[in-house]
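Participant: Make a model of this:
(3 chains)
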Amino acid sequence: MTVSVDPAAGHLEPEATATAPGAPIIQGRSLGQIAWRRLRRDKVAMAGGTFIAFLVVVSIIGPYFVQDPTVYHSSLIDPTFSRPIGPWGGISLAHPFGVEPITGRDMLARIVDGAPYSLLIGFLSTMLAVVIGVFFGIIAGYFGGWTDSVIARAMDVFLAFPLLVFAIALVGVIPNSAFGMSGNQLRVALLVFVIGFFAWPYMGRIIRGQVLSLREREFVDAARSIGARGPYILFRELLPNLVGPILVYATLLIPTNILFEAALDYLGVGLIPPTPSWGQMLSSAVSNGFYYIDPMFMIIPGLAIFITVMAFNLFGDGLRDAFDPRTR
Amino acid sequence: MTSMRRRKSLAISAGAAVAAVLLAACGGGATSSTGATSPTGGSTGGSTGGTTGNAVANAGVTGIANPSDHKGGTLTFASSSTPDSLDGGNEYYAWTLNFNRLYETPLLTYKSTTGGAGTQMVPGIATALGQVSPDGLTWTYHIKKGLKYEDGSAVTAGDVKYAVERTYDRGVLANGPSYFPQLLADPTYKGPYKDPNGDLTSITVPDPYTIQFHLVAPFPDFDYVVGAFGQTAPVPKAKDTGAKYELHPMSTGPYMFQSYQVNKQAVLVKNPNWTQNEDTEARQNVDKVILTLNVNADDIDNRLISGDLDVDSAGSGVQAAARAKVLGNPSLLRNSDNGFGNREWFIYLDSKVAPLTNVACRQAIEYAANKTDLQTAYGGPVAGGDIASTLLLPGMGGYSAFDLYNAKSQPTGDTTDAKKALTTCGQPNGFTTGLAYRSDRPKEVAGAQALQQALKAVGINVQLHGYPAGNYYGNFAGAPTFMHKNNIGIAFGGWAPDWPDGYGMMWALTSGNSIVPTGNANIGELNDPAVNKLFKDVANPKLTLDQRSAIYGQIDKLSMQQAVILPEVYAKVLIYRPPTLTNVYIDPAWGMYNYAVLGKSS
Amino acid sequence: MITFIIRRLITAVFLLLVVSVITFAIFFLIPRLAGQNANELAAQYVGRNPTPAAIQQMVERLGLDQPLPVQYWHFLKGLVAGENYSAGPSVTYCPPPCFGYSFRSQLAVWPQMVSALPVTVSLALGAAILWLLGGVSIGVLSALRRGSIFDRFSMGVALAGVSLPIFFTGLISLELFSYKWPLFPNVQYVNIAVNPLLWARNLVLPWVTLAFLYAALYARLTRAGMLETMNEDYIRTARAKGLRERSVVVKHGLRAALTPILTIFGMDLGLLLGGAILTESTFSLPGLGQFTVLAIQNQDFPEIMGVVMLAAFFIVIANMLVDILYAAIDPRVRIS
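Facilitator: As a prediction, this is how the structure comes out:
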């Protein structure tokens, strides 16, 4: 939530010498190239990025290589304690991450099958926040005046909501099938909507600030002087210059949203079983006391969340440094 | 391996009930015999054997643990949730009713004793059990003379009548049972708040120490109706504050309210106007009782073990983490009890949702379910319970250990018979149906997935629908039209009998007359003429207890043949009691410790 | 300046009004749009025996059969002018701010929130002091020794801190320091007036848990802010003038870097309810966070409305104070 209000990673320096309308786009690219060159030298960020790429690949093809994550292996469970037989949560050749308490379902399969959900919800909700935030941010910053006031007040309203309270309550109020969707489809849509819809003002504020400083630049004046109109300036002149900060903040918003989804799971408003989800695994480990009787059941999904969030944070940090090396 | 041991211990369990001997299956055989109908018989230690080598000591199951007359000290309770109410007229949770006896006394109450006798009704503020007229329609109770509230004012029969009247306002006191409107002649009465000049004419008070209830039909269990709940605990009209009465109910028990902060804490102190002679079933052992609310469940267990807390008020036993600590530690095990929780967990099969309209399709589900996995979902043999095959709980009058669907002989599921049944049903390749469960109950979440997995093996495809527990019976599983509309044929549920006999256990679950549009507990929608007739027969006031028990046994078998309920487990609880807690035993009427007699040793 | 404050006040009231309309719509309108009627809504408050007659009585009692605008009007009226309410035998006046009565326990919402508030304030204040002091000093030191082992290590820990779910750290700390090594045994809330020492001792774990996440965040922000500030021309000028490094850092660098931190701090204090929910439910503290979780579990709409409004109130006030503070420092803000 708070990443987005970071004032330090301020404005870009679009080395503005251009007079031709097409020029800023080229400059945007070259700025991207500079950033990319800087990013490539940042080993920590690249490690984060590589892990994210790995995770995406696992999400897409992983489920075809692991066991069925819903199959029970009751024989691997000690019924008195509901925990896996054997040390380390029942880790064996057949079950390299061990098995789930109570059910004996394969943990590796559940982690791999859960990855797409964590990523999907993280990505989609961030995208929603970015789209809404950028749209209103640009409009507010560029037009100013009463448009700006209305949008700014709207953002204030959103910021005034206690987000978590609201998210739990909202997910709880919606029945199992509504708006033409049902089951997990509805849940994912709902989670994406709730998380994304309440995160956009942070994005909006940052973009608005950027636009405020950009719209006074010479290249905008130049475009205006040769007769370019509002929409053109907005989306052809300003937007390319905003790609950097949007990218940076989106990357930093994803881990926040993944954690947010885990918190919602912890409070009991996540995905519907038997769909595996990391947050749900962690929360059931925490709320059913398995952290004591089978620590591996907590550690494995906990690590999965931790490493993923960490990777996004590292990559996002690197990205920010690449665009604005002063804070390095 | 596991199933072998299970079968053996269950066989003994069944034998125990028949032979009327209380057995501890493992760790040394028979230990004592305390009562013929004790529901706490059975395989208490067997389940832990082999895993840890330790058996639960069960001093509070087989008798009274730490008996003591020591006075003084503070008794601390904690609950992981909010009570439904602390007003006796507005309670339905077993633990709040149990706790209620510390400060409110109904006409009758459960006898405070171990073994089967603990399920009997004995006088509370009444002088004796109800006198029933020959036609079975009028029940008369006399009230002890000289009884006082905490403030010294006298208790009269009028206060009891008023206490019942106020429970008719379901807008203010929503939580209690609704037996009185069902059994008495004037169901449209709206209660004294909305109708201050009205009168509940079917309750009469001929003199200040006599009260009479006039029923529309004979109801032999009426003593339970006035004794098993808090609705007949007297309420002085002048002190009634409606919804706020729970902040300070006028005490007729050994303790009275000093303070109550909702959602946080209630503090009770000695009631100076209470005397042991008038209330034989409760004790005034301590100076102060503190009930703390909304404490994290694992935290409660840890505080119990460290001695900072005396009782987990919910009485449903320790959580998984503490279970491992207790079972793995002989000194903790010495202070633990593992008894029946007076409850059955089961799964409804709705006979009005196709294709479950065909009894063979329901039977296929009964056969195919993996009972061991379901038992594990509820906490395994120690903390979850024994695999069940009947509706009546072991020890109840009429119980016999029949097993129509091989739950005990093939606990991991009988796919052969299941497939046969599917063929009979005309669905040899299986079918698709929905399953409702309470998504905020981890045990049901695990159980629902276990059933889904087991049914997949015979081609039955189950779609899970989770609902919040708060309105599960009001809007979802308990609303037949909702089940039909959404094609949900399976619903998770459970039942703790309102009182420990066949009527309290089975009427709401299987009688055709109990089907209602909301809050329905007969989710299987069984409306079987034979079952309905037996329920009618059993109300005959001329029958003896044994004759009625025999009828309950028949109802149990007939209902199971109809396969509208798939029994999972007879719930068991593993409770830890700190060594300083005295007079502790699992009361068969509540399936938890009897709170009315507890004390502290130091 | 006065007009500015008045303008901000009016905006704040307007904001709260909009928040109340939206919240009301979500809890009362959306369930209806999703197909639930008044009886179905009432069914969840009738306990374990929701007979049709009981549900009907509950619908009437809660006024769920009234049109939504009327229900909203009652809510607003109670908030501003108070509302008469029948607890059964007698009618009592619920003075403003009357947040109505719980659908489940039938007890007034406002006194419950008032009694839960000290717990959350205790939690929030202690944690805020911890994270502000810890986070800022670590951030400053890291920035000054950029690239050092201290910098790398503390930023690594900070990154881990932001990447861990708060309920996770809470449970681990409880398990380790309360049960395994009982440094802080029997954590439960004790009123500060009753026993200040026990109050503080029992809150140490919750404070640290809640502060850990935020301290990490603030350390990162402070470090970034300091690095940027220390590159500014006026710092160079100050150094060139021959000022001592210490006074350059404290007087010029830190002051400039801290201003944005304070803005965020104001907002975070208001937003703290989210963190309090998770911390309080982990440590069983009977504060507003726990109140919220219970209200949501029980679908107790008046309680949810109350807590959302109270939280919104704090957020709006915090934002307003920050704005006014800014306006006092920087006159240009007043004009825009």
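
Participant: Only C-alpha atoms from now on, for both contacts and neighbour counts.
Facilitator: OK.

Participant: So which bits of the one helix or strand A:Gly122 maps to are buried?
Facilitator: Following DSSP states H and E, one finds A:Gly122 within helix A:107-143. For helix A:107-143, the neighbour count (16 or more other C-alpha atoms under 10 Å in any protein chain shown) marks A:107-142 as buried.

Participant: Centre of the chain to the helix or strand just after that helix, how far?
Facilitator: Counting by DSSP H and E, the next helix or strand C-terminal to helix A:107-143 is helix A:145-160. Centroid separation between helix A:145-160 and its chain, computed with C-alpha atoms, centre = their mean, to the nearest Å, is 24 Å.

Participant: got it, and stretch B:72-85?
Facilitator: The answer for stretch B:72-85 is 19 Å, by C-alpha atoms, centre = their mean.

Participant: What of stretch B:431-446?
Facilitator: 22 Å.

Participant: Can you give me the first-to-last residue distance of that stretch?
Facilitator: Start and end residues of stretch B:431-446 are separated by 22 Å (C-alpha to C-alpha, to the nearest Å).

Participant: Give me the contacts around that stretch.
Facilitator: A:102-103, A:268, A:273, A:284, A:288, B:355, B:374, B:377-379, B:448, B:459-469, B:472, B:477, B:486-493 (C-alpha atoms under 8 Å, 6 or more residues apart in numbering or on different chains).

Participant: Would you mark the buried spots in that stretch?
Facilitator: By 16+ other C-alpha under 10 Å, the buried positions in stretch B:431-446 come out as B:431, B:433-440, B:442-446.

Participant: Residue numbers of chain C in contact with chain A?
Facilitator: C:15-16, C:18-19, C:26-27, C:30-31, C:34, C:159-160, C:163-165, C:167-168, C:171, C:217, C:221, C:224-225, C:227-228, C:260, C:264, C:271, C:273-274, C:292-293, C:296, C:308, C:311-313, C:315-316 (C-alpha under 8 Å from any C-alpha of the partner chain).

Participant: Out of the residues you listed, which end up buried?
Facilitator: Applying 16+ other C-alpha under 10 Å to the residues of chain C next to chain A flags C:15-16, C:19, C:26-27, C:30-31, C:159-160, C:163-165, C:167-168, C:171, C:217, C:221, C:224-225, C:227-228, C:260, C:264, C:271, C:273-274, C:292-293, C:296, C:308, C:311-313, C:315-316 as buried.

Participant: Keep only those of these that are in helices.
Facilitator: C:15-16, C:19, C:30-31, C:159-160, C:163, C:167-168, C:171, C:217, C:221, C:224-225, C:227-228, C:260, C:264, C:271, C:273-274, C:292-293, C:296, C:308, C:311-313, C:315-316 (DSSP state H).

Participant: shaky segments in the stretch 201-336 of chain C?
Facilitator: Along the stretch 201-336 of chain C, the model assigns pLDDT under 70 to residues C:267, C:270-271, C:273, C:329-336.

Participant: Nearest to chain B: which residue in it?
Facilitator: Nearest residue of the stretch 201-336 of chain C to chain B: C:Ser284, at 5.0 Å (C-alpha to the nearest C-alpha).

Participant: separation between that residue and B:Ser79?
Facilitator: Taking C-alpha to C-alpha, one finds C:Ser284 at 11 Å from B:Ser79.

Participant: Equivalent analysis for C:Leu217, please.
Facilitator: 36 Å.

Participant: same deal with C:Asn37?
Facilitator: For C:Asn37 relative to B:Ser79 (C-alpha to C-alpha), the value is 33 Å.

Participant: Give me the more crowded residue out of the two.
Facilitator: B:Ser79 (22 against 13; other C-alpha atoms under 10 Å in any protein chain shown).

Participant: show me the contacts for residue 275.
Facilitator: By default, I'm working from chain A. Here A:Thr275 is in contact with A:Gly114 (C-alpha under 8 Å, 6+ apart).

Participant: right idea, wrong chain: chain C
Facilitator: C:166, C:210.

Participant: that older thread, okay, and the common contacts of C:Ser284 and B:Ser79?
Facilitator: B:294-295.

Participant: Show me which positions of stretch A:55-66 end up buried.
Facilitator: Quick answer for stretch A:55-66 (16+ other C-alpha under 10 Å): A:55-56, A:58-59, A:62-63, A:66.

Participant: Kindly report the residues of chain A close to chain B.
Facilitator: A:70-72, A:74, A:79-82, A:102-103, A:176, A:183, A:268, A:272-274, A:284, A:288-293.

Participant: Filter those down to the buried ones and hand me the ChimeraX line.
Facilitator: Buried members of these, defined by 16+ other C-alpha under 10 Å, are picked up in ChimeraX with:
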select /A:70,72,74,79,80,81,82,102,103,176,183,268,272,273,274,284,288,289,290,291,292,293
